[in-house]
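Chemist: coords below, sequence missing:
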C-alpha cells in the first residue's frame, strides 16, 4: 500500500485560530520552521532544508509567503498565500500588518534567517521580540486523533520493516547496504521519506549514537545497532534495536543489554505518573531521572550520553525533551520516545527505543515491544 497524497490531517483554519487566540493584543508571530508551517497550513515542502515558506500570523490574518515554484493547497482558504518568500516581500507584508495595528512581532530565532530579520529591524513602529516556542508547542505537542492514526501507521511500517530485514542480515553485508535495505523495505511497505537518516552501526561504530553508515562489512560476533523510522502523511516513527550477530555474546554486552532494558522498563513504569489521580502527574525530568539512575547504579552513568527520549510528530525531534533539565509536565495525547543507551568507546553501544503514545488511560507502545 502506497502512502496517499499528503494532505493536512485537520483543517488548517482551526489550528491557525487556536494560535491567534494565544497571541497577545496587537501582536503577530513570524514562523519559519518547516514543521510549524506544515502544521498550521499543510504546506508540503520539497526540500525542508531550503527556504520555501514563511508564515506570518496576526490576530486577524495569516499569510503564507512561499516559493513561486511550490504548490499550495490551501483547501479551506484559511490563509492568504503569496508567491515570494524573500526578505523584501516579508518586509512588505509586515509593514501591512503594522498598518493594521500590530505593534509587536514575535520572531522564531531558531528558524528565521538574519537576512530576513535585519530588514524588519528598520520598521520603526514595530517592536521585535523573540518567540517563546512554548506558544507553538502547547498546540503541537498534544496530538489529535488523525495525527495519532498517522503515527500508528508509521510505527507499524517501521516494526514490519525490521521484522522483514533482520533475518536477511548476514556476514559480509556493509552498513550502507543494510541501510539501503531498510530504507527500501520501508518504501515498499508504503512509507514516505525516512523520518531521519537511517543509522546502522557495526561494532565500535555503535558507541557513537548518531553514527552514519559506511562500507564497513559485518563480521561474525559483532554488535549491530539500527535506528530508523518510517513516515506516513509526514508523521514520524522512531525505533532502535541492538543485537549481537554471532554465537559468542560477550558478558559485557549482555550486561549493558540487560541494564538498558531495565532502564527502559523503569522509564515506562514512570510514565504511569502521567495518569496520577493527585493531579501532579509527572515531568520529563522525572522520566529521565528514573532511567538514568538504573544505568548509573550499574556503573555506566558516564556512558549514557543523551536524553532518555524526545517528542516526535511532524518533526523527528519535538518537545517534550525527556531531559534532566526539563521540568515540563507530560500530558495525555503526547507521543514520545523512550530510548536509554550505554556507549562503550572502542567496543560497541546498546540502545533500545520505542515510540510511545500517552493514551487516554495508559501509555501505548506503537513500535514493536521486543
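Modeler: Yep, that arrived. In this text, all values refer to a predicted model and were calculated from it rather than measured experimentally.

Chemist: How about residue 65: what's its closest non-neighbour residue?
Modeler: Closest residue in space to residue 65, ignoring its immediate chain neighbours: residue 85 at 4.2 Å, by Cβ to Cβ, 6 or more residues apart in numbering. Every residue, glycine included, has its C-beta placed from N, CA and C.

Chemist: how near is that neighbour to residue 52?
Modeler: In this structure, residue 85 lies at 7 Å from residue 52, with Cβ to Cβ, to the nearest Å as the measure.

Chemist: which residues are common contacts for the two?
Modeler: Residues touching both residue 85 and residue 52 (Cβ atoms under 8 Å, 6 or more residues apart in numbering) are 66, 67.

Chemist: Now do the same for residue 21: helix, strand or coil?
Modeler: Secondary structure of residue 21, reduced to three states by DSSP: H, G, I helix; E, B strand; the rest coil: helix.

Chemist: Now do the same contact list for it.
Modeler: Applying Cβ under 8 Å, 6+ apart, we find residue 21 in contact with no residue.

Chemist: try residue 98
Modeler: Residues in contact with residue 98, defined by Cβ under 8 Å, 6+ apart, are 123, 125, 126.

Chemist: By mean pLDDT, point me to the weakest helix or strand of this protein.
Modeler: Counting by mean pLDDT, DSSP states H and E, the weakest-scoring helix or strand in the chain turns out to be strand 80-83, with a mean of 86.

Chemist: picking up where we left off before, pull out the buried members of the contacts of residue 98.
Modeler: By the neighbour-count criterion of 16 or more other Cβ atoms under 10 Å, the contacts of residue 98 include these buried positions: 123, 126.

Chemist: Can you give me the domain boundaries for this protein?
Modeler: The domain map for the chain lists 12-140, 145-365, with the assignment taken from automatic domain parsing.

Chemist: which residue is nearest the middle of the chain?
Modeler: Averaging the C-alpha coordinates of the chain gives a centre point, and the residue nearest to it by Cα atoms, centre = their mean is residue 316 (2.0 Å).

Chemist: In a helix, it, correct?
Modeler: No - residue state for residue 316 (three-state DSSP) corresponds to coil; a helix is not indicated.

Chemist: quick one: the helices in the stretch 101-250 of the chain?
Modeler: Secondary structure of the stretch 101-250 of the chain, counting by DSSP state H, counting those that start in this stretch: helices at 114-120, 134-140, 145-165, 175-188.

Chemist: any chance of those helices in CSV, with mean pLDDT and distance to residue 260 too?
Modeler: Rendered in CSV, the data for the helices of the stretch 101-250 of the chain read as follows (pLDDT from 0 to 100; distance: least, Cβ to Cβ, whole Å):
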stretch, mean pLDDT, distance to residue 260
helix 114-120, 94, 42
helix 134-140, 96, 29
helix 145-165, 97, 17
helix 175-188, 98, 21
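
Chemist: Go through these and pick out the most buried.
Modeler: Neighbour counts averaged per stretch over those are highest for helix 145-165, at a mean of 20; criterion: mean count of other Cβ atoms under 10 Å.

Chemist: That one to helix 175-188, inter-axis angle?
Modeler: 130 degrees (axes from the mean of the first three to the mean of the last three Cα atoms, to 10 degrees).

Chemist: Which strands and helices lie in contact with helix 145-165?
Modeler: Here helix 145-165 touches helix 175-188, strand 222-228, strand 231-232, strand 235-236, strand 239-245, strand 354-358, going by 3 or more Cβ pairs under 8 Å, 6 or more residues apart in numbering; DSSP states H and E.

Chemist: looking at the ones you listed, which is closest to residue 297?
Modeler: strand 239-245 (20.5 Å; Cβ to Cβ).

Chemist: ok, the residue nearest to residue 65 - how many residues close by?
Modeler: As a burial measure, the neighbour count of residue 85 was computed by other Cβ atoms under 10 Å and equals 21.

Chemist: Surely it is within a helix?
Modeler: No - applying three-state DSSP, one finds residue 85 to be coil, outside a helix.

Chemist: My guess is it contacts residue 55. True?
Modeler: No - here residue 85 lies out of contact with residue 55, judged by Cβ atoms under 8 Å, at a distance of 9.7 Å.

Chemist: Overlap of the contact sets of these two?
Modeler: residue 65.

Chemist: Tell me which stretches of the stretch 201-350 of the chain form strands.
Modeler: In the stretch 201-350 of the chain, strands defined by DSSP state E, counting those that start in this stretch lie at 222-228, 231-232, 235-236, 239-245, 309-311, 318-322, 335-338, 341-344, 348-351, listed in chain order.
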